[in-house]
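1. What follows is a predicted structure for the sequence shown.
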There are 2 protein chains.
Amino acid sequence: MEIRGLEACPIADVIDVLFSRWTTPILWGLHERGRQRFGDLERHVPGISPKVLTQRLRQLERDGLVARTYHAEVPPRVEYEITPLGASLEPLFGSLSAWGATNMPSIEKARRAYDG
Amino acid sequence: MEIRGLEACPIADVIDVLFSRWTTPILWGLHERGRQRFGDLERHVPGISPKVLTQRLRQLERDGLVARTYHAEVPPRVEYEITPLGASLEPLFGSLSAWGATNMPSIEKARRAYDG
DNA sequence: GTTAGTAGGTACCTAGAGGAAAGTAAAGGG
DNA sequence: CCCTTTACTTTCCTCTAGGTACCTACTAAC
């Protein structure tokens, strides 16, 4: 990773894709409970509105991280699932989770020290 | 406190710490060019305003990822550097960068397919 | 006395993200 | 003819993050 000379952050675009608001809870929900319908996601991602859930799912679909399957029934049924590209995030999220488990206590300690 | 779906996503709090806006360009700049002054950061993080740079530096300092050193001179001189806790992010950012290098082409391809 | 140079602080304002609530489509059942 | 269900879509509104511009303290040098 020799990006010396580049002033912009080289992982900025990756972060935009992976960590924009609501994306990780959605991906996590799909990863945890597998393929599921719109209403299931709405129920399991606490606090999200249907408008924003639709927006984020469209974005994830456009980025190829989530696949949408529409069943032309009445009432309509739509299923979402993680694509192989989305599944390739698993080790990344794993190390993120591991870093958090190791270091979040230090961060909270630093916060208490700073605030006190 | 921001609601990102805390109950549903176990890495939500880590993401709030590491990937809130402007934090990674700042950390990257400190990592690339080492200890530096406020004005240097302002120049090297393109587009950031002094107000927000101050806000983000205070947040990073509070979280223990960045250390601030104030020199009581005239004119004042303040230096920022990454702490060991901040430096522990290097492998994480490395795998993030690697994932991007491997998969961003797939994402852009998916976007073109979706748009077309 | 006034200017330069640094690291902010503060007041004001705007843009845009997101919330709430209502509307839409479709087919079958009553 | 209306009701039901689902997955949105649309409209309206709010709220806040962030931008702009100006203000501050401090001393040396001119």
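-> Looks like it came in fine. Residues are numbered from 1 along each chain as shown, chains lettered A, B, ... in the order given.
2. Now do the buried residues in the host helix or strand of A:Thr69.
-> Here A:Thr69, judged by DSSP states H and E, is contained in strand A:66-71. By neighbour count on 16 or more other C-beta atoms under 10 Å in any protein chain shown, the buried set for strand A:66-71 is A:Val66, A:Ala67. The C-beta positions use only the backbone N, C-alpha and C, and glycine is treated the same way.
3. Poorly predicted segments of chain A, please.
-> Scanning chain A for pLDDT under 70 picks out the ranges A:1-8.
4. now the helices for it?
-> Here chain A has its helices, by DSSP state H, at A:12-18, A:23-33, A:38-44, A:50-62, A:84-87, A:90-115.
5. Now do the shortest one: distance to the chain's middle.
-> Going by C-alpha atoms, centre = their mean, to the nearest Å, the spacing between the C-alpha centre of helix A:84-87 and its chain's C-alpha centre is 12 Å.
6. leaving aside the residues next to it on the chain, what's closest to the spatially most central residue of chain A?
-> Nearest to the geometric centre of chain A sits A:Thr24, at 1.9 Å (C-alpha atoms, centre = their mean). Using C-beta to C-beta, 6 or more residues apart in numbering or on different chains and skipping residues adjacent in sequence, the residue nearest A:Thr24 is B:Cys9, 5.2 Å away.
7. I figured that neighbour hits A:Glu32, correct?
-> No - using C-beta atoms under 8 Å as the test, B:Cys9 is too far from A:Glu32 to be in contact (9.3 Å).
8. Could you check which of these two is surrounded by more residues?
-> When neighbours are counted by other C-beta atoms under 10 Å in any protein chain shown, B:Cys9 comes out ahead of the other of B:Cys9 and A:Glu32, with 24 against 12.
9. Please tell me how far that one sits from A:Ile107.
-> Using C-beta to C-beta, to the nearest Å, B:Cys9 is found at 17 Å from A:Ile107.
10. same thing with A:Asp16?
-> From A:Asp16 to A:Ile107 the distance is 23 Å (C-beta to C-beta).
11. swap in A:Ala67?
-> 36 Å.
12. contacting residues around A:Glu90?
-> Neighbouring residues of A:Glu90 by C-beta atoms under 8 Å, 6 or more residues apart in numbering or on different chains: A:His31.
13. mind redoing it with 10 Å?
-> Neighbouring residues of A:Glu90 by C-beta atoms under 10 Å, 6 or more residues apart in numbering or on different chains: A:Leu27, A:His31, A:Ile82.
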